[in-house]
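Visitor: coords please:
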Amino acid sequence: MFLKIAAFFYAVCFSASLFDPTFYGTPLRVVGFALGLGGVAGLFLVAFKRPFLSQGFWRAFAVIYVGYQLVCVLFLGGAHSVTASHGILGLVGALAMSVVLQFPILLSLWRLCFATNTSGPQGSGGAVAQEDSA
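Guide: Here you go, the predicted structure:
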C-alpha cells in the first residue's frame with residue numbers, strides 16, 4: 001500500500017513540474033526529468049505488480065539513475081557550497097535526505113533488478129518430487 005501511495009505522490013509532483021516554465025532551463029534538468037519519469041514508471045510497475053521489460057534493462061537503468069543522482073548531488077548540486085557553509089556533516093545530511101526522499105524509487109528499481117519468478121514449483125530448488133507408482 002505504501003508504494004501505491006508513494007507512486008501517486010511522485011506522479012503528482014512530476015506532473016506539477018510540467019507546468020513550471022523555468023523547469024526546462026538546462027539540458028541537465030531535461031535528462032533528470034526523463035530519468036525521474038522512468039523511476040516513477042518503475043515505481044508504478046512494482047506497486048501494481050506489473051512486469052515490463054527485462055531485468056537487464058532495469059539493472060542498466062538503475063545504474064544510470066543512481067549514477068546521475070550521485071553526480072548531481074555531489075558535483076552539480078552545490079556540494080562545495082554546502083561543505084563550505086555547513087561542513088562535511090551538512091553534505092552527509094544532504095546525501096541522507098536525498099536517499100530518504102528517493103527511497104521508494106530506489107526500492108522499486110531494486111525489486112525490478114532482482115525480481116524473482118514466483119510461478120512454477122516451489123520445492124527444493126524447483127525440482128518436482130515424483131511418486132513411485134510401482
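Visitor: all helices in this structure, in order from the N-terminus.
Guide: Taking DSSP state H as the test, the helices found in the chain are 2-18, 27-47, 55-71, 79-101, 103-113.
Visitor: Okay, now the unreliable bits of the chain?
Guide: Using pLDDT under 70 as the threshold, the predicted model of the chain has low-confidence ranges 23-24, 76-82, 116-134.
Visitor: ok, now with 90
Guide: Across the chain, residues meeting the criterion (pLDDT under 90) sit at 1-40, 42-43, 45-59, 61-62, 65-134.
Visitor: Any buried residues in stretch 101-108, and which?
Guide: Taking 16 or more other C-beta atoms under 10 Å as the basis for neighbour counts, the residues of stretch 101-108 that come out buried are Q102, P104, I105, L106, L107, S108. For every residue, glycine as well, the C-beta is placed using N, CA and C.
Visitor: any idea which of the helices of the chain is most buried?
Guide: Taking mean count of other C-beta atoms under 10 Å as the contact definition, the stretch among these with the greatest mean neighbour count is helix 103-113, which reaches a mean of 19.
Visitor: could you say what helices and strands that one packs with?
Guide: helix 2-18, helix 27-47, helix 55-71 (3 or more C-beta pairs under 8 Å, 6 or more residues apart in numbering; DSSP states H and E).
Visitor: can you give me the angle the last one makes with helix 103-113?
Guide: Our comparison of helix 55-71 with helix 103-113, counting by axes from the mean of the first three to the mean of the last three C-alpha atoms, to 10 degrees, yields an angle of 150 degrees.
Visitor: just to revisit the earlier point, now flag whichever of the buried residues of stretch 101-108 is closest to A6.
Guide: P104 (3.9 Å; C-beta to C-beta).
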